[in-house]
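Asks: Fold the following, please.
(chains A, B, C and D)
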Protein chains: 2
Amino acid sequence: MTENGRTVTMREVAERAGVSVTTVSHVINDKPGVRIGAKTRSRVRQAVVDLGYRPNILAKNLVQGTSRFIGLVADSIATTPFAGQIIRGAQEEAWRHGRVLLVANTEADAAAEQNALAMMLEYQVSGILYSSWTHQALTLPPGLAEAEHVLVNCYAPGTGARAVVPDEVAGGRTATEMLIAQGHDRIAFLNTTSPSPAREGRLRGHREALVEAGLPLDDALVVDALPEQEGGYDAADRVLELGATAVFCHNDRVAMGLYDALRERGLRIPEDLSVVGFDNQEVIAGHLRPALSTVALPHYELGAAGIRVLLGEEEVAPGQQLRVDCPPIPRCSIAPR
Amino acid sequence: MTENGRTVTMREVAERAGVSVTTVSHVINDKPGVRIGAKTRSRVRQAVVDLGYRPNILAKNLVQGTSRFIGLVADSIATTPFAGQIIRGAQEEAWRHGRVLLVANTEADAAAEQNALAMMLEYQVSGILYSSWTHQALTLPPGLAEAEHVLVNCYAPGTGARAVVPDEVAGGRTATEMLIAQGHDRIAFLNTTSPSPAREGRLRGHREALVEAGLPLDDALVVDALPEQEGGYDAADRVLELGATAVFCHNDRVAMGLYDALRERGLRIPEDLSVVGFDNQEVIAGHLRPALSTVALPHYELGAAGIRVLLGEEEVAPGQQLRVDCPPIPRCSIAPR
DNA sequence: TGTCCATGATCAAACGATTGATCACGAGGG
DNA sequence: CCCTCGTGATCAATCGTTTGATCATGGACA
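Replies: Residues are numbered from 1 along each chain as shown, chains lettered A, B, ... in the order given. Down below sits the predicted model:
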């Protein structure tokens, strides 16, 4: 719309420039292999700016039979700040490729999910990113198969769907190495109790790091903890009993709880105990005292990589997972032994 | 696309049902005032499901001249979890009205913003929501005026643009009242130092509540604090000197800092000091020990209300603001005097 | 003078729907 | 037997673009 409220069409531009719509189209799109005189070109360009013309992409999509839409269905923007990062990553990467993201959040509601998928298909999306805020295995909704799709932060065994997930194993290794690098050799691991790729993966990485450093594997040092603030708080005594000098917490919230418990016992971080978290949940990790050293879940990258896989810019075989690095975020909660 | 990869068009449905496209269109849209025999109807319906036909909304939009798109430009999904809630609110409300949200985040980059606006206009959005993650005054980007628009969590004085903002004054009053209700009469207010609608509004609301309760206005009780964790941490001594029994913190991060400082001094919340925050930043407020009582910034509602205003469902005069309530979120950090 | 060709621009058919106007047909009334 | 009318369905134009085919013009060349 212009100021007068009406939509300016290509025909109006053509009339003002005294040429045909075809010519206008050719000029605007710089169609190669088409000859338009220099002065005609500039006359058209002038008309375009004079009228404030904007092409109607919908019409363009229609005739070209291609759309620049990519769908993103997220299961919960609500409950977590993480989803926002996935969306942002996907959105910016899509943008870079001249695509537009159609976001739908379905709070784990199957009906809403079907609706969202139907809508996306109606909008002729060229592909769909199906994301989950927590790294997990899941079954795909019917309908998803009707478009090209890539899973983000989740995977669907046996479906042949390609997925982009965080590299939990490498992440667990990284966290542990951050502690080992400072000379710690008795490291407790507050791992979550609920089975998940995160639980298994981080544990494996943790062990790999210990083995690599020639440290003993002591199962007693791996203690169960609810993956929340309470878990860390409650596990504090156990950690102290074990005589650990450093703790790898399954996530930042657990670390937060541990902080509180230690403070109440008059212990200092990192002087008395070094702590490393996981997730890099900004508001927590960045604002604890001392700021929490942690390992980041690469949500932004997951979203962005999802788009790249969808657009074929990054190769992933059917049924395979692309594992994205979890980078270390050193802050102030680790001291040398 | 169906399994065979091709897009099913209305013509194919028509052929299979042995009728014209017109008839198919009429049946699918249940066009009132049009007569189609019962058996033809069901033949068409059957063909639709057989072929897995989905209407091409782009074509529909084109001929009808209306689009179901609404644009949302957000200045930073990146730096804050709040933006996510605005997006979610807008998205769900748009959805309820059968609209689709086109999200663009422009990290305060003017060029990106222009791009985003251009893109949205090309997609024939029927309106644009322009949002900021922090409640503030700002100047509108050129181009925004080309479509109907509503500002969310910000306002632009002198432009006549309608805005939806949180009711800071009422919020400040609410927070203070939560403390007064428990018998507190000497209440410190750790207010931010940076000028903003939040600073002025919450202070005004704070004062209104005191006056209403017949309490004295003591300017000494309003102390400056950086609106971060550090601000709260550093202000702890001052609060204790003042002999306040309760503290209203400008935001949850400030409260978090105050928590730390008090814990270090061996003081307990809420027994020794009652605390109320502002923002209801989930990860913080919900996970502090004790959980922080606070006042919520209604980000979800802001987004949703923005859509309603845009769609004319909620009346707001040009240049006026719609103020959205900031509801109290009682948790465990306030004790009776 | 007639032919050929490069140049510059237009024609017209699509894309996939919607929609007001129109048509074919048989029944009922006069 | 003709006219009218209700019923059921189709015709054809339209939305704003793109795009392969086509046309008009004038200069170079034989």
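Asks: Quickly list the domain ranges of chain A.
Replies: Using automatic domain parsing, the domain ranges for chain A come out as A:10-55, A:69-166+A:300-324, A:168-297.
Asks: Please see if the longest one touches chain B.
Replies: This means domain A:168-297. Yes - applying Cβ under 8 Å from any Cβ of the partner chain, one finds domain A:168-297 touching chain B at A:228-229, A:233, A:253, A:256-257, A:260, A:263-264, A:281-284, A:287, A:289. For every residue, glycine as well, the C-beta is placed using N, CA and C.
Asks: One more: the first one?
Replies: Yes - using Cβ under 8 Å from any Cβ, a contact is recorded between domain A:10-55 and chain B, made by A:52, A:54-55.
Asks: Which residue ranges of chain A form helices?
Replies: Listed in chain order, the helices of chain A (DSSP state H) span residues A:10-17, A:21-29, A:38-51, A:57-64, A:81-96, A:110-122, A:168-180, A:197-212, A:229-242, A:252-264, A:282-285, A:299-310.
Asks: Is it possible to get a markdown table of those that adds mean neighbour count, distance to B:Glu148 and mean pLDDT?
Replies: A markdown table is the format used below for the helices of chain A (neighbours: other Cβ atoms under 10 Å in any protein chain shown; distance: least, Cβ to Cβ, whole Å; pLDDT from 0 to 100):
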| stretch | mean neighbour count | distance to B:Glu148 | mean pLDDT |
| --- | --- | --- | --- |
| helix A:10-17 | 18 | 21 | 95 |
| helix A:21-29 | 18 | 26 | 96 |
| helix A:38-51 | 15 | 20 | 95 |
| helix A:57-64 | 16 | 18 | 93 |
| helix A:81-96 | 24 | 23 | 86 |
| helix A:110-122 | 18 | 23 | 91 |
| helix A:168-180 | 24 | 46 | 98 |
| helix A:197-212 | 19 | 45 | 98 |
| helix A:229-242 | 19 | 45 | 96 |
| helix A:252-264 | 24 | 42 | 94 |
| helix A:282-285 | 22 | 35 | 85 |
| helix A:299-310 | 25 | 30 | 97 |
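Asks: for the ones you listed, which one sits closest to B:Gly89?
Replies: Proximity to B:Gly89, assessed across the helices of chain A by Cβ to Cβ, is greatest for helix A:81-96 (13.0 Å).
Asks: which other helices and strands contact that closest one?
Replies: Here helix A:81-96 touches strand A:69-74, strand A:100-105, strand A:128-137, strand A:149-155, helix A:299-310, helix B:82-96, strand B:100-105, going by 3 or more Cβ pairs under 8 Å, 6 or more residues apart in numbering or on different chains; DSSP states H and E.
Asks: A:Val8: which of those is closest?
Replies: Judged by Cβ to Cβ, the one of the helices and strands packed on helix A:81-96 that comes nearest to A:Val8 is strand B:100-105, at 20.4 Å.
Asks: Which strands or helices does the closest one pack on?
Replies: Checking 3+ Cβ pairs under 8 Å, 6+ apart, strand B:100-105 ends up next to helix A:81-96, strand A:100-105, strand B:69-74, helix B:82-96, helix B:110-122.
Asks: Kindly reformat the helices and strands packed on helix A:81-96 as CSV containing distance to DNA strand D.
Replies: Conversion of the helices and strands packed on helix A:81-96 to CSV gives the following (distance: least, Cβ to the nearest atom of the strand, whole Å):
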stretch, distance to DNA strand D
strand A:69-74, 16
strand A:100-105, 16
strand A:128-137, 25
strand A:149-155, 26
helix A:299-310, 22
helix B:82-96, 23
strand B:100-105, 18
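Asks: so does stretch A:62-71 get close to chain B?
Replies: Yes - Stretch A:62-71 comes into contact with chain B (Cβ under 8 Å from any Cβ), by way of A:62, A:65, A:67.
Asks: can you redo the residues you listed as a markdown table with distance to B:His97?
Replies: Converted to a markdown table, the residues of stretch A:62-71 next to chain B look like this (distance: Cβ to Cβ, whole Å):
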| residue | distance to B:His97 |
| --- | --- |
| A:Leu62 | 24 |
| A:Gly65 | 29 |
| A:Ser67 | 22 |
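Asks: Pick the one among those residues closest to DNA strand D.
Replies: Comparing the residues of stretch A:62-71 next to chain B against DNA strand D with Cβ to the nearest atom of the strand picks out A:Leu62 as the nearest, at 4.5 Å.
Asks: Flag every residue of the stretch 51-200 of chain A that's near DNA strand D.
Replies: With Cβ under 7 Å from any atom of the strand as the criterion, the stretch 51-200 of chain A meets DNA strand D at residues A:53-56, A:59-60, A:62-64.
Asks: contacts with DNA strand C among those residues, please.
Replies: A:59, A:62-63.
Asks: near DNA strand C, which residues of the stretch 1-150 of chain A show up?
Replies: For the stretch 1-150 of chain A, the contact set with DNA strand C under Cβ under 7 Å from any atom of the strand comprises A:18-23, A:26, A:34-37, A:39-41, A:59, A:62-63, A:65.
Asks: my guess is A:Gln182 meets A:Ser333, correct?
Replies: No - shown here, A:Gln182 and A:Ser333 do not form a contact pair, counting by Cβ atoms under 8 Å, at 10.9 Å.
Asks: what sits in contact with each of these two?
Replies: A:Ser274 (Cβ atoms under 8 Å, 6 or more residues apart in numbering or on different chains).
Asks: what about these two, which has more around it?
Replies: The residue with more neighbours, out of A:Gln182 and A:Ser333, is A:Ser333; 27 against 17, by other Cβ atoms under 10 Å in any protein chain shown.
Asks: Contacts only, for the more buried one.
Replies: Residues near A:Ser333 by Cβ under 8 Å, 6+ apart: A:255, A:269-270, A:274-277, A:288, A:290-293.
Asks: so, if you compare these, which one comes nearest to DNA strand C?
Replies: Nearest to DNA strand C, judged by Cβ to the nearest atom of the strand, of the contacts of A:Ser333 is A:Gly277 at 50.6 Å.
Asks: neighbours of that closest one, just the number please.
Replies: 32.
Asks: what does the one 10 residues further on give?
Replies: Here the number of neighbours of A:His287 (other Cβ under 10 Å) works out to 22.
Asks: Could you find the closest non-adjacent residue to it?
Replies: In space, and not counting its chain neighbours, A:His287 is closest to B:Gln229: 4.6 Å by Cβ to Cβ, 6 or more residues apart in numbering or on different chains.
Asks: so A:Thr139 makes contact with A:Ala156?
Replies: Yes - using Cβ under 8 Å, A:Thr139 is in contact with A:Ala156, at 6.2 Å.
Asks: And these two? Which one has more around it.
Replies: Each of A:Thr139 and A:Ala156 has its neighbours counted (other Cβ under 10 Å); A:Ala156 has more, 18 against 9.
Asks: Setting aside sequence neighbours, what's the nearest residue to that one?
Replies: Distances taken as Cβ to Cβ, 6+ apart put A:Leu140 closest to A:Ala156, at 5.0 Å, once the chain neighbours are dropped.
Asks: For A:Val309, see how far away the one you found is.
Replies: 16 Å (Cβ to Cβ, to the nearest Å).
Asks: same thing with A:Asp75?
Replies: Counting by Cβ to Cβ, the gap from A:Asp75 to A:Val309 is 19 Å.
Asks: so which residue of the stretch 201-337 of chain A comes closest to DNA strand D?
Replies: A:Leu311 (19.3 Å).
Asks: residue contacts, that residue?
Replies: Each residue near A:Leu311 by Cβ under 8 Å, 6+ apart is listed here: A:97, A:99, A:127.
Asks: before we move on, back to that, from what I see, the residue nearest to A:His287 and B:Leu258 are in contact.
Replies: No - counting by Cβ under 8 Å, B:Gln229 stays clear of B:Leu258, with 9.0 Å between them.
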